[in-house]
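**Student:** sequence and computational prediction follow.
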Amino acid sequence: MTNEDKMPSESRKNPKDGEFYTALQSGKERLESLIETSGPWDVKVGETYCIIGNVYSRVGMLREALAMYEKGVDIMHKTLSDDDSRLAGTRYNIGLVCCKLRRFRRALPHLEQALKARTAALGPQHPDVADT
């Protein structure tokens, strides 16, 4: 089986197939390495799942992105507080992907949690709070 055979079919339609595949492979290799060295519940493992989610999201593979974001949040939530900015950013991403998938009821709690965390961390007048 060639590397191209392993790529999801949606990515083969993207003009930047090689970049997608390279980014995805790099993320997965980093993930495997971190799990070996730090264990499966380390915050860096959760962050790496979120980075992989970003790669999927950028090429429109939203269900895959959502799965990676949710796995990342599950791991990071074991260590980080609810108002941690890393969780807020990923929850915001989950909310955006859910909106794109037209799962608005599922998106709302994630967006509300992201807004609450960003407001607590940055203050209500910060531009990033307004974007949330």
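**Tutor:** Perfect, I can see it now.
**Student:** low-confidence ranges, the chain, go.
**Tutor:** Applying pLDDT under 70 to the chain flags residues 1-17, 131-132.
**Student:** all helices for it, in order.
**Tutor:** Secondary structure of the chain by DSSP state H: the helices cover 3-6, 9-12, 17-38, 43-58, 62-77, 85-100, 104-122, 127-131.
**Student:** and the longest one, how far out from the chain middle?
**Tutor:** Shown here is helix 17-38, whose average C-alpha point lies 14 Å from the average C-alpha point of the whole chain (CA atoms, centre = their mean, to the nearest Å).
**Student:** cool, and stretch 70-86?
**Tutor:** Distance, stretch centre to chain centre, for stretch 70-86: 11 Å (CA atoms, centre = their mean).
**Student:** and for stretch 46-55?
**Tutor:** With CA atoms, centre = their mean as the basis, stretch 46-55 stands 4 Å off its chain's centre.
**Student:** which positions within it qualify as buried?
**Tutor:** Buried residues in stretch 46-55, defined by neighbour count with 16 or more other CB atoms under 10 Å: 46-50, 52-53, 55. Using the backbone N, CA and C atoms, a C-beta is placed for each residue, glycine as well.
**Student:** now do stretch 27-35
**Tutor:** Quick answer for stretch 27-35 (16+ other CB under 10 Å): 27, 30-31, 34.
**Student:** reformat those as CSV; add distance to residue 122.
**Tutor:** Putting these into CSV (distance: CB to CB, whole Å) gives the following:
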residue, distance to residue 122
27, 28
30, 29
31, 29
34, 28
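**Student:** return the member of those residues nearest to residue 62.
**Tutor:** residue 27 (16.8 Å; CB to CB).
**Student:** grab the nearest non-local neighbour of the closest one.
**Tutor:** residue 52 (4.2 Å; CB to CB, 6 or more residues apart in numbering).
**Student:** residues touching that neighbour, list them.
**Tutor:** Residue 52 is in contact with 24, 27-28, 31, 68, counting by CB atoms under 8 Å, 6 or more residues apart in numbering.
**Student:** any chance of the residues you listed in CSV, with distance to residue 86 too?
**Tutor:** Formatted as CSV, the contacts of residue 52 follow (distance: CB to CB, whole Å):
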residue, distance to residue 86
24, 21
27, 16
28, 20
31, 16
68, 14
